[in-house]
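Peer 1: okay, predicted coordinates and the sequence, questions at the end:
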Amino acid sequence: MYLDVEKSSFNLKKTFTISRGSRTAAEVLTITIKDRGLKGWAECVPYKRYNESLESVTKEIESVKLPISISQLQELLEPGAARNALDCALWDLKAKITGRPVWQLLQIEKPKPSITAYTISLDTPENMEKEAIQKENYPILKVKLGGFNDEDCIRAVRKGSPNARIIVDANEAWTPEIYIYLAPIFKKLGVELVEQPFPAGKDFVLKNLDRILPVCADESFHDLKSLDNLSGLYDYINIKLDKTGGLTEAIKVLKEARKKGFKIMLGCMVGSSLAMAPALLLAHMCDFVDLDGPLLLNEDRKKPLTYKDFLAFPPEPSLWGH
């Protein structure tokens, strides 16, 4: 086995802003594992919020001694971007070696085209309304908020796209007082869900809060271990492969979360088609799919996923997983 790690950058169509800041490009790591004349590859997106950087994740990946199995990898590395890249690359390699697609190896249903939410980044209400108008044919819009003038932003998005289902993502920017004020207003405007309203570690207040608007855990949820702390607080969890540390853990989490009564959002960091491809195998098992990363890019992989407006199609063999 031979491992290669490469830094890749994909420019965005426009500046992408959330409550914590803005970016103009997706900075990712592309991992390739070669064996028996074949190669498996994958992508991860190191995330500063989780104390990750391109350099730290590269170092963690390169610390792994090959050959290594998928099961051995789960024991060696903690959940995060590094394990995600290696896990998904090993699944791709296994598919190439066996001649069987990953969904068959995992014994799950064959993936089908899935409706993905489209993310409207934080901006002025006027600009958010304009983008909502441009995407009014999308059945689900995910709106980034930041605590300041959020009511105006949602009213603007609703005006721009009167028929869309709306979910909002506060990225830890709210206080309980903001939730109490906005929840009934948002409910009347047709908002169905708010993602991570409060900072992780300070979300215990949800225990006694009247959750007029269902709440989804993102920064508060990472892997199987973190599920135990979320019961009674959250209604949904957001599964991202860069948080779970790959497809292997994500499937375990999905099954266990269902048993515990959670609904599922399948999410992503801002990355290329290669990052979305493994996650799309799980889309049919989730309540909301938010795998629109490539739709935000000005450039993508040479053989990207197929998106037809709001439909994301499973990866072709030329990209990943076959």
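Peer 2: Good, I have the coordinates.

Peer 1: name the element the spatially most central residue of the chain belongs to?
Peer 2: For the chain, the residue sitting closest to the mean C-alpha position, by CA atoms, centre = their mean, is Cys268 at 1.7 Å. Cys268 belongs to no helix or strand when elements are defined using DSSP states H and E.

Peer 1: thought it was touching Leu296?
Peer 2: No - look at Cys268 against Leu296 with CB atoms under 8 Å: they stay out of range, at 10.2 Å. In short, each C-beta sits where N, CA and C put it, glycine included.

Peer 1: so Ala42 versus Ile212, what's the distance?
Peer 2: Using CB to CB, to the nearest Å, Ala42 is found at 40 Å from Ile212.

Peer 1: out of the two, which sits in the more crowded spot?
Peer 2: A count of neighbours by other CB atoms under 10 Å puts Ala42 above the other of Ala42 and Ile212, at 28 against 15.

Peer 1: ok, the more buried one - contacts?
Peer 2: Counting by CB atoms under 8 Å, 6 or more residues apart in numbering, Ala42 touches 30-31, 84-89, 91-92, 274-275, 278, 320.

Peer 1: okay, and it sits in which element?
Peer 2: Judged by DSSP H and E, Ala42 forms part of strand 38-44.

Peer 1: show me what the helix or strand following that strand is packed up against.
Peer 2: Under the assignment DSSP H and E, the closest C-terminal helix or strand after strand 38-44 is helix 54-62. On a contact count with 3 or more CB pairs under 8 Å, 6 or more residues apart in numbering; DSSP states H and E, helix 54-62 meets strand 2-18, strand 21-35, helix 81-98.

Peer 1: among those, which is the most enclosed?
Peer 2: Most buried of the helices and strands packed on helix 54-62, by mean neighbour count (mean count of other CB atoms under 10 Å): helix 81-98, with a mean of 25.

Peer 1: distance from it to the middle of the chain?
Peer 2: 18 Å (CA atoms, centre = their mean, to the nearest Å).

Peer 1: what residues of the helix or strand following it count as buried?
Peer 2: The helix or strand immediately downstream of helix 81-98 is helix 102-105, counting by DSSP H and E. Neighbour-count burial for helix 102-105 flags 102-103 (criterion: 16 or more other CB atoms under 10 Å).

Peer 1: give the contact list for the closest residue to Ile70 other than its chain neighbours.
Peer 2: Excluding the flanking residues, the one nearest Ile70 by CB to CB, 6 or more residues apart in numbering is Leu90, at 5.0 Å. Counting by CB under 8 Å, 6+ apart, Leu90 makes contact with 33, 40, 68-70, 73.

Peer 1: can I get these in CSV with distance to Gly261 and pLDDT?
Peer 2: Shown next, in CSV, are the contacts of Leu90 (distance: CB to CB, whole Å; pLDDT from 0 to 100):
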residue, distance to Gly261, pLDDT
Ile33, 37, 98
Gly40, 35, 98
Ile68, 35, 97
Ser69, 33, 97
Ile70, 29, 98
Leu73, 30, 98
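
Peer 1: looking at the residues you listed, spot the one nearest Ala257.
Peer 2: Ala257 lies nearest to Ile70 out of the contacts of Leu90, by CB to CB, at 21.1 Å.

Peer 1: could you pull out the helices in the stretch 101-250 of the chain for me?
Peer 2: Applying DSSP state H, counting those that start in this stretch to the stretch 101-250 of the chain gives helices spanning 102-105, 125-134, 150-160, 176-188, 241-244, 247-259.

Peer 1: and these: which comes nearest Asp235?
Peer 2: Asp235 lies closest to helix 247-259 among the helices of the stretch 101-250 of the chain, at 11.2 Å (CB to CB).

Peer 1: what's in contact with that closest one?
Peer 2: Counting by CB under 8 Å, 6+ apart, 70, 73-74, 79, 83, 87-88, 91, 102, 106, 108, 223-224, 227, 237, 239, 241, 244, 264, 278-279, 281-282, 285-286 sit against helix 247-259.
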